[in-house]
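Trainee: Got a predicted structure plus its sequence, pasted below:
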Amino acid sequence: QVQLVESGGGLVQAGGSLRLSCAASGRTVSSYTMGWFRQAPGKEREFVAAISWSGGSTNSADSVKGRFTISRDNAKNTVYLQMNSLKPEDTAVYYCAADPIASVMTNHYDYWGQGTQVTVSS
């Protein structure tokens, strides 16, 4: 089993930055595809970004392209989401996910974290 714990969320003004972290435990995820998703109040969960096991391939939603960057440190079993130029519409609970066979283009993940709240004020 894989346990995922997100951290780094908080309250930030529009235009600001945050870096989310997702630490995995229970099993190394160095061979897993890792992803970030978010869910705003009253909306469905949506894909944000994903990264392949090597970090050589990434994918991100059009709404965050050029502002958010996903990265990983396999030695630390951790994946990151650097969020810059934040907008009020980025307000959501952000979830980390992991899967041993998913590609960066698919949205099916076996393992999920509990989420971290990101609130962007205008």
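Mentor: Cool, the structure landed.
Trainee: From now on I want contacts and neighbour counts done on CA atoms only, so please keep to that.
Mentor: Fine.
Trainee: With adjacent residues omitted, what lies nearest to the residue nearest the centre of the chain?
Mentor: Nearest to the geometric centre of the chain sits residue 36, at 2.5 Å (CA atoms, centre = their mean). For residue 36, ignoring the flanking residues on the chain, the nearest one in space by CA to CA, 6 or more residues apart in numbering is residue 96 at 4.7 Å.
Trainee: is it true that that neighbour touches residue 2?
Mentor: No - assessed by CA atoms under 8 Å, residue 96 is found out of contact with residue 2, at 11.6 Å.
Trainee: which of these two has more neighbours?
Mentor: More crowded of residue 96 and residue 2, by other CA atoms under 10 Å: residue 96, with 31 against 16.
Trainee: Against residue 84, how distant is the more buried one?
Mentor: Using CA to CA, to the nearest Å, residue 96 is found at 18 Å from residue 84.
Trainee: doesn't residue 74 make contact with residue 25?
Mentor: No - the pair residue 25 / residue 74 is not scored as a contact, 11.9 Å apart, by CA under 8 Å.
Trainee: ok, back up a step: tell me how far the helix or strand encompassing the residue nearest to the centre of the chain is from the chain's mean position?
Mentor: Using DSSP states H and E, residue 36 sits in strand 33-39. Its chain's C-alpha centre and that of strand 33-39 lie 4 Å apart, by CA atoms, centre = their mean, to the nearest Å.
Trainee: what's downstream of that strand, the next helix or strand?
Mentor: strand 46-51.
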